[in-house]
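Peer 1: fold the following and give me the result.
(2 chains)
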Amino acid sequence: MDIRIATWNVNSVRLRVDAIARLVESHAPDVLCLQETKVIDDEFPRKSLTRLGFEHIEIHGEKGYNGVAILSRLPLDKVERKGWCGKPDSRHLSVTLRDGWELHNFYIPAGGDVPDPEQNDKFAHKLDFMAEVARWFAARRHDNNRLILVGDLNVAPLENDVWSHKQLLKVVSHTPVEVAAMQEMYDSHDWTDAVRHFIPVSEKIYSWWSYRAREWEKSDRGRRLDHVWVTPALTPMLRGAEVVREARGWDRPSDHVPVVVSLQAPG
DNA sequence: ATGCCGTATGATATACGA
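Peer 2: Down below sits the predicted model:
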């Protein structure tokens, strides 16, 4: 029996209830981690999402910006909402699943336009955020930890995670300093990139296409910003991974698409 | 690299996304 864990930056959960229903029909995620819900907790569309089969819902929202949530068919335990970089924003939510599997859902700062921490506070925040997350996991590192880290990490680390490595080297999301910061995070708990575990690095794969491109599919100038990582204790449990590219073509789409990973179920 | 689109907001322009 497998468990299917998905991550999706929905860019407003209130506008994406139908899209989430469609994902439930097509891919049947057991656990769905959302980012950029953009809504305060009181206005989260809890009922509509419960109706889709998610009996267990945890949220960490704020007004207008950010916001993360975990929707689950399976019971959730030990819910935590951590602040990072001393800010009160809603960019993290963690829960435990059966067998002590600990699931962390992150929305890492986008970083603004200028890839220079001296000139751009948002970029500095992004780098600081990744460094802090790396330190946090490094301090908790243990061989038997069964951890899953998902989310919109806002970095496309590999050459084939972007449509043109060369043309994006100075574009926020693919600059060497961000890739290095993400590598620190990756090494902090010897993570495995679940998508690249199944899809070779020679193959281009994206999870985000700008709204501004007229024909996203034709130009296909995407980036892989959304990730699912697991710690070594869970790597043997990996069963499959899929980036749901077609979701970018659905009605009123998010600019990100879901990433779904299957693992042999815990317990 | 730009695009000039989509979302939210005490809104009818502005901030933000990346």
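Peer 1: wait, isn't A:Lys38 in contact with A:Gly67?
Peer 2: Yes - using C-beta atoms under 8 Å, A:Lys38 is in contact with A:Gly67, at 5.5 Å. To be clear about C-beta, it is placed using only N, CA and C from the backbone, and glycine gets the same treatment.
Peer 1: any common contacting residues for these two?
Peer 2: The contact sets of A:Lys38 and A:Gly67 overlap at A:Val13, A:Gly61 (C-beta atoms under 8 Å, 6 or more residues apart in numbering).
Peer 1: who's more crowded, those two?
Peer 2: Ranked by neighbour count (other C-beta atoms under 10 Å), A:Lys38 and A:Gly67 place A:Gly67 first, with 27 against 20.
Peer 1: surely that one and A:Glu43 touch.
Peer 2: No - with contact defined as C-beta under 8 Å, A:Gly67 does not reach A:Glu43; the gap is 10.6 Å.
Peer 1: which ones are touching the residue nearest to A:Arg221 when sequence neighbours are not counted?
Peer 2: Once flanking residues are discounted, A:Arg221 sits nearest to A:Trp163: 4.4 Å by C-beta to C-beta, 6 or more residues apart in numbering. Residues counted as contacts of A:Trp163 (C-beta under 8 Å, 6+ apart) are A:Lys204, A:Tyr206, A:Asp220, A:Arg221, A:Gly222, A:Arg223.
Peer 1: quick check: of those residues, which lies closest to A:Val24?
Peer 2: The nearest member of the contacts of A:Trp163 to A:Val24, counting by C-beta to C-beta, is A:Tyr206 at 22.7 Å.
Peer 1: distance of the closest one relative to DNA strand B?
Peer 2: Note on A:Tyr206: its distance to DNA strand B, by C-beta to the nearest atom of the strand, to the nearest Å, is 11 Å.
Peer 1: pretty sure that residue sits against A:Glu217.
Peer 2: No - look at A:Tyr206 against A:Glu217 with C-beta under 8 Å: they stay out of range, at 11.0 Å.
Peer 1: between these two, tell me which one has more neighbours.
Peer 2: Neighbour tally, A:Tyr206 and A:Glu217, criterion other C-beta under 10 Å: the higher count belongs to A:Tyr206, 23 against 12.
Peer 1: for the most centrally placed residue in chain A, which non-adjacent residue is spatially closest?
Peer 2: Ranked by distance to the mean C-alpha position of chain A (C-alpha atoms, centre = their mean), the top residue is A:Gly151 at 1.3 Å. Among residues not flanking A:Gly151 along the chain, A:Phe106 sits closest, at 3.6 Å (C-beta to C-beta, 6+ apart).
Peer 1: tell me the spacing between that neighbour and A:Arg245.
Peer 2: 22 Å (C-beta to C-beta, to the nearest Å).
Peer 1: now do A:Asp193
Peer 2: With C-beta to C-beta as the criterion, A:Asp193 and A:Arg245 are 18 Å apart.
Peer 1: those two: which has the busier surroundings?
Peer 2: A:Asp193 (19 against 16).
Peer 1: that one touches A:Trp229, doesn't it?
Peer 2: Yes - with contacts defined as C-beta under 8 Å, A:Asp193 counts as touching A:Trp229 at a distance of 5.9 Å.
Peer 1: and of the contacts of A:Trp163, the nearest to DNA strand B?
Peer 2: Distance to DNA strand B across these (C-beta to the nearest atom of the strand) is lowest for A:Arg221, with 4.3 Å.
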